[in-house]
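In: A predicted structure for the sequence below; I have some questions about it.
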Amino acid sequence: MLLFYLTWPTDLFQDYIVKPVSVFFAFTSTMLLNFLSYPAKQIVSSIGQDNFTISIQNGCDGIEGLALLLVAILIYPTSIKDKITGILLGSMALVLVNILRILNLYLFKIHFPHLFEFFHVTFWQVLFISITVLTLFIWVKWTNKRNTTS
Amino acid sequence: MNKQLLLKSSYFLILYVSLSLLIQQTPLKKALPVFYCAIGNTFNSTFYNGGEISFRNITDEERIGKRKAEYEKYDVLMIFMSQQQKEKAREKARIAGRKTTEITPMQFTINSWNNLGIFIVYFTSLIIVSSVNLKKKTISFSFGLVLIILFISIKNWFSQSVKFAENYPRFQAGIESETGLKIAHQIYLLVNFMGFGLLIVSTIWVLLIGNSLIKKPESL
């Protein structure tokens, strides 16, 4: 994690990892919002409509949670197969949760703008970290159970 | 899937949201900036080579006054000066033959909820839902709070180092070396990232309570 935190603020990491990931989340969320009949438009890593824009920046890109999940799974003593399963399923779960976070915040910005800040800063930051840790706990229990039965 | 684990996680989230709302919707919201200023004025009031910093709460008048747009809820002011700046102003006044001089400090806002409140509420919620006895909870909470305050002071130190360096011609205090400044800036970006703060608080919780939980996994 220390390595992640040391490389995270560098331009290289921001340009080649953070930016594409943010663009991916902006693209996916915009598609889903359009599907739900919201006239959202994607502009690089931002989503907006005529009167506002929300930008997917550091902290809202889910990269930190993904890094935590990856590091914890890699250092946990279990088989490579279980690690790969954990990384794939865990990452997919976190990506889905992050898309849900972006959609939720976008909808709050439209329908309950006074609650946006609370949900953005206070609620989702902690919920995302909690879900990451919960995902890890579930994976650890699953892999332990598998190892015990085999 | 462990039902107990899900139950505990839900309990934690409900508690966390309730405590956050309790602070934000009751007179406690006024106590938070005051507490933040007290921490700042105790641990971060000087910067190593002449920097002077004071933390001040923003008054209700200021919040509704003409600078209203500049202040967010829970913001406090970090006011920067330096001994060198004062000396320079005095010298200038002496040369000009004036007996008095005016020193204009530089001020920045810092959000006490994002930088402190959220961590305390998060840590408190983690402690409350932990399956340990009350004595352990109280001791862990006290130690944890000290460690969180230490973390906040370190965060403040890095913010101050960057602010002083950005305004070096004015203050002539702070880090001079370009490499030192680059390092301080990178650390400043990192420690001000909320996710990093939450991870630090989680680590504090694991260090203080984790052993007890690992010994009794069934009680999770």
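Out: Nice, I can see it.
In: hmm, stretch A:107-114 touching chain B?
Out: No. Stretch A:107-114 lies apart from chain B when judged by CB under 8 Å from any CB of the partner chain; the minimum separation is 11.5 Å. Quick note: C-beta positions are derived from backbone N, CA and C, even for glycine.
In: Check which residues of that stretch are buried.
Out: Residues of stretch A:107-114 classed as buried by neighbour count (16 or more other CB atoms under 10 Å in any protein chain shown): A:108-109.
In: Mind listing residues that contact that stretch?
Out: In this structure, residues lying in contact with stretch A:107-114 by CB atoms under 8 Å, 6 or more residues apart in numbering or on different chains are A:38, A:52, A:54, A:115-116, A:119-120.
In: can you tell if whatever helix or strand B:Val201 lives in touches chain A?
Out: Using DSSP states H and E, B:Val201 sits within helix B:194-205. Yes. Using CB under 8 Å from any CB, we find that helix B:194-205 touches chain A at B:194-196, B:198-199, B:202.
In: In chain B, where is pLDDT below threshold?
Out: B:1, B:65-69, B:211-220 (pLDDT under 70).
In: Up against chain A, what does it have?
Out: With CB under 8 Å from any CB as the criterion, chain B meets chain A at residues B:1-2, B:5-6, B:9, B:12-13, B:16-17, B:20, B:24, B:113-114, B:118, B:122, B:186, B:189-190, B:193-196, B:198-199, B:202.
In: Show the buried residues in those residues.
Out: B:9, B:12-13, B:16-17, B:20, B:24, B:113-114, B:118, B:122, B:186, B:189-190, B:193-196, B:198-199, B:202.
In: ok so A:Ile102 is a strand residue?
Out: No. A:Ile102: not assigned to a strand; according to DSSP: H, G, I helix; E, B strand; the rest coil it is helix.
In: Quick check: pLDDT value at it.
Out: The model reports A:Ile102 with a pLDDT of 94.
In: Tell me where chain B has strands.
Out: Remark: strands assigned in chain B by DSSP state E are B:46-47, B:51-57, B:75-82, B:106-111.
In: winner for burial among those?
Out: strand B:75-82 (a mean of 21; mean count of other CB atoms under 10 Å in any protein chain shown).
In: Run me through the strand neighbours of that one, direction for each.
Out: strand B:51-57 (antiparallel), strand B:106-111 (antiparallel) (DSSP bridges).
In: Give me the buried subset of the contacts of stretch A:107-114.
Out: Burial by neighbour count, 16+ other CB under 10 Å: within those this picks out A:54, A:116, A:119-120.
In: Secondary structure added to those, as a markdown table?
Out: Formatted as a markdown table, the buried ones among the contacts of stretch A:107-114 follow (three-state DSSP):
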| residue | secondary structure |
| --- | --- |
| A:Ile54 | strand |
| A:Phe116 | helix |
| A:Phe119 | helix |
| A:His120 | helix |
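In: Now render the residues you listed as TSV, adding distance to B:Ser130 and pLDDT.
Out: What follows is the buried ones among the contacts of stretch A:107-114, written out as TSV (distance: CB to CB, whole Å; pLDDT from 0 to 100):
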residue	distance to B:Ser130	pLDDT
A:Ile54	35	90
A:Phe116	31	91
A:Phe119	26	92
A:His120	27	91
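In: which helix is the longest one in chain B?
Out: helix B:134-166 (DSSP state H).
In: Can you give the distance from that one to the centre of its chain?
Out: 7 Å (CA atoms, centre = their mean, to the nearest Å).
In: Give me the buried positions along that helix.
Out: B:137, B:140-141, B:144-145, B:147-149, B:151-152, B:155-165.
In: in chain A, which spans are strands?
Out: Under DSSP E, chain A gives strands at A:41-43, A:46-49, A:52-55.
In: sorry, back to before: so which of the strands of chain B gets nearest A:Gly65?
Out: Taking CB to CB, strand B:106-111 is the member of these nearest to A:Gly65, at 22.6 Å.
In: List the contacts of that closest one.
Out: B:36, B:58, B:70-72, B:74-81, B:156, B:159, B:163, B:167, B:170-171.
In: Can you report how many residues lie near B:Thr104?
Out: Using other CB atoms under 10 Å in any protein chain shown, B:Thr104 has 9 neighbouring residues.
In: so what secondary structure elements neighbour the helix holding B:Val201?
Out: helix A:63-75, helix A:124-149, helix B:118-129, helix B:134-166 (3 or more CB pairs under 8 Å, 6 or more residues apart in numbering or on different chains; DSSP states H and E).
In: Could you measure from the residue most central in space within chain A over to A:Thr30?
Out: Centroid-nearest residue in chain A: A:Gly62, 2.8 Å away (criterion: CA atoms, centre = their mean). A:Gly62 sits at a distance of 17 Å from A:Thr30 (criterion: CB to CB, to the nearest Å).
In: Kindly tell me how buried B:Tyr188 is, as a neighbour count.
Out: Burial measure for B:Tyr188: 21 neighbouring residues, criterion other CB under 10 Å.
In: how close does it sit to A:Phe123?
Out: Taking CB to CB, one finds B:Tyr188 at 26 Å from A:Phe123.
In: of all the strands of chain B, which lies closest to B:Leu28?
Out: Going by CB to CB, the one of these nearest B:Leu28 is strand B:51-57, 14.2 Å.
In: neighbouring contacts of that closest one?
Out: B:33-34, B:36-41, B:44-47, B:76-83, B:160, B:164, B:171, B:173-174.
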